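1. A structural model of the following input is requested.
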Amino acid sequence: MSTSDLPPDDFRHGLLYFGTDPAGAPAGAVDSPAIGASATALPADAGQVGAYQAMLAADALRYLTLQLAASKASGHPGGFCSSADVVAALNLLGYKNLFTEVGHHAPGYYSALFLDGSLEAMGIRTVTEMTARFRETHGLLGHLSGAIPGVLAPAGPLGQGQHFAWAAALLNPGTLCPVTIGDGGMGEPYVMSAFKHYHTAYPAATNVLPVLIWNGFSQEHHSMVCTMSDAQMIAFWKAHDFDEVILIDAKPFDDAGQAGAFVDSTKFSLPQRLAFSAAVIDGTRRAADFALKSKRRTVLILKQIKGAGSHGSGSKSHHLYPQFTLQHADIIAGLQRRALSKAGWAIVRENFRRAAGGPAGKVAVTERERALPALPVLPLKDFPVGGDAQIPSSALSPLVAAVGAADPDLIATSADGNEASGLRGVNDALRIRHPIKDDLYSQSPDGRVFEPISEDACAGLAAAYALMGGRSIWFSYESFAINGAPVWQTVTQAMAELRRRTPSTIAMFTAGALEQGRNGWTHERPEIENFFMALARNGNVHPIFPIDANTMQAAYAWAVGTSNQGVVIIGCKTAIPVRLTLEQSRTALARGAISLYESAPKAGAKTIVLAVVGDLILGPVYAAKDTLEAAGHRVRIVAVVAPRRLFRHADVAWETIHQADARDSGFLSDADFNALFDGDALLGVSGGASGPLEQVVMRSRAPRRDLAAWRRGETTANLAQLLEFNQLDAASLARRATTLLA
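-> Below is the predicted model:
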């Protein structure tokens, strides 16, 4: 049978192969959908008909996954194919708020979204249209993306999926948030420790349902947990505080004589396939009931070999290399084995469309903008310029506290301790979330400061929470933030693509390199600043470098009012001079930079511009200024506060941001830039990495330009020694500037 007799608008148009309904199918199994016209899930009494239609749904997902990937000879079909039975079960039982950590499974999830009609919002109505737009620009990306209707969260680096599911679960109590996890990724101990910490912090949030796809293989080899027995796997999850472990192992159903602990359910006889399908439906239903009704922490495990029902088996099914086109014999055989009848396709399609009350692209919790409490008037304090030294991080605490008072869902995350960063006020206001109530340590079971001592978990929950529609802030030491940066980056990219507004993800990092002499080089890693500056070209990432307590307040006040941005504020936890008023700070944020000092005019004197990123570094810069003026030169000190504004329009992909009010096109004009940075020579100075000064050096018209920036960490007794080691002390800066002017 072929697709040639189908009208071009039939959803099945483009399918390469059709099969026939097998002999022995339950009576009425392909006559009408098991999910009734007014129902939203398979009924509990669906019996053999329900099991058969769930089996068809799983095979339909396998078929589409393989044809989709092979249409471009690119993609990853095998891992999803081993999960198809449980993904089909979750969909048909009405649980479409489905997350995954496994970006490789994207073609399978796209297949489900095609079947339920979600992709019609993208103009994808037929298989022909779906294959044409797979792995193409503005189409179905190779890994899951928030740009796709019905996709709740991005999926790429392993180990991130549970953060998105937990964030959604916390913001949507009573809604089941399943998250599929591959056993290749679960071999990373972090995933399990994250679950254990979440259970301790949020014991009542049982609506997260991890679904382990235990298929025995990772991307290119056996998984690290393939040798565990079923009993050991159950004990492993119970050791991480799961009350209920529902494990569905395909092996006991096998009547095809397959060797090994991991088998392919599609090779069973039809009666055994139906028995296995019924077990998956029953196990999934019980798992959901445990999680939602019984309030039990539950995991659902599906055990069958990777690539089940695909073109290959084990890790060899993972990736399609260029030879695996639609003409390859293995692909053809795989498709023909899984081909449904035309009636079977119609049944599957209608069940997917009816489940959960409609397409995931319309019913998922992330398909609508979450209402937020109005922001309060922030208690900004305009510290006097030249007055007492102030701690920038401490000046931020009352603002975060005020937002928390207005928005009871605000959360903060911190791995290294807010009190050590001058942020005790945040802990006092929001309380550290801990099962032991202790006022001495500002902790409480209902606290809103999440402290798992893991930057990955801190970044993961805070960023995912913002993506799901809640307000959050991630606090960290600058030197350790790199451990959580990948998930934060993933979220900012997703926010750029989102079809809805969501609060910006905000991070505030203290303990910069210049504050960490005694701690040594393990705590002196400002290189992450270059990472964030590279991200600034994405269009919605804003690294901000406050120079004092007023700039810190202005930065957060701006960030918390934005949407779909990623804002990184890198500031000081040391008392430092106040150099800008609040109004000047707002100007610096809007323009990107501001002049702090300029020597009086002097006939015949050359002008050296010191363009500075950072706060503590201004001490030696001002001292170098005195030396240069004493030598007869003029000096202008310019603070670079928001370097993203110093790019040119064409340097940044700001126009690609989907949400209009997040499409920030504010860049400093050439005339204003030249007014700040023109001189006989320009020396860029950074107490950290040099990336924030890239555009200053590139755009400057000064005939001589140079950079002085962080070189390497070292253990020192004081700041002066650390500055000298990195040639950032006043004497070194004055020499560099004099050389430029010579």
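
2. am I right that residue 299 is in a helix?
-> No. Secondary structure of residue 299 (DSSP: H, G, I helix; E, B strand; the rest coil): strand, not part of a helix.

3. how many neighbouring residues does it have?
-> 26 (other CB atoms under 10 Å). C-beta coordinates here come from the backbone N, C-alpha and C atoms, glycine included.

4. tell me the contacts of it?
-> Residues near residue 299 by CB atoms under 8 Å, 6 or more residues apart in numbering: 209, 210, 211, 212, 237, 242, 244, 245, 246, 287.

5. for residue 242, see how far away it is.
-> 5 Å (CB to CB, to the nearest Å).

6. now residue 304
-> Distance from residue 304 to residue 242, by CB to CB: 21 Å.

7. now residue 648
-> 53 Å.

8. who has more neighbours, those two?
-> Neighbours per residue, other CB under 10 Å: of residue 648 and residue 242, the larger number sits with residue 242, 20 against 14.

9. Three-state assignment for the more buried one, please.
-> Looking at residue 242 with three-state DSSP, the answer is coil.

10. ok, the residue of the chain most remote from its centre - contacts?
-> The centre of the chain is farthest from one residue, residue 603, which by CA atoms, centre = their mean lies 55.9 Å away. With contact set as CB under 8 Å, 6+ apart, residue 603 has no partners.

11. what secondary structure does it sit in?
-> Applying three-state DSSP: residue 603 is coil.

12. without its sequence neighbours, what residue ends up closest to residue 476?
-> Spatial nearest neighbour of residue 476, chain neighbours left out: residue 509 (5.2 Å); criterion: CB to CB, 6 or more residues apart in numbering.

13. list the contacts for the one you found?
-> 475, 476, 477, 478, 481, 568, 569, 570, 571.

14. specify the local secondary structure of it.
-> Criterion first, three-state DSSP; result for residue 509: strand.

15. quick check: it vs residue 227, distance?
-> Following CB to CB, the distance that separates residue 509 from residue 227 is 41 Å.

16. and residue 610, what element?
-> strand 607-613 (DSSP states H and E).

17. now that strand: how far from the chain's centre is it?
-> Centre-to-centre, strand 607-613 and its host chain are 37 Å apart (CA atoms, centre = their mean, to the nearest Å).

18. would you give the sheet partners of that strand, along with the direction of each?
-> Using DSSP bridges, the strands paired with strand 607-613 are strand 634-640 (parallel), strand 681-686 (parallel).

19. following element in sequence after that strand, please.
-> helix 618-630.

20. list the buried residues of that next one.
-> Buried residues in helix 618-630, counted by 16 or more other CB atoms under 10 Å: 618, 619, 620, 621, 622, 624, 625, 627, 628, 629.

21. cool, and stretch 431-443?
-> Those would be 431, 432, 433, 434, 442, 443, for stretch 431-443 by 16+ other CB under 10 Å.

22. give me phi/psi at residue 541?
-> phi -110, psi 130 (degrees, to the nearest 10).

23. ok, now which ones touch it?
-> 492, 532, 535, 565, 566, 567, 568, 644.

24. which one is residue 612 nearest to, not counting chain neighbours?
-> Closest to residue 612 by CB to CB, 6+ apart is residue 685, at 4.8 Å.

25. count the neighbours of that neighbour for me.
-> 26.

26. go on, residue 597?
-> 15.
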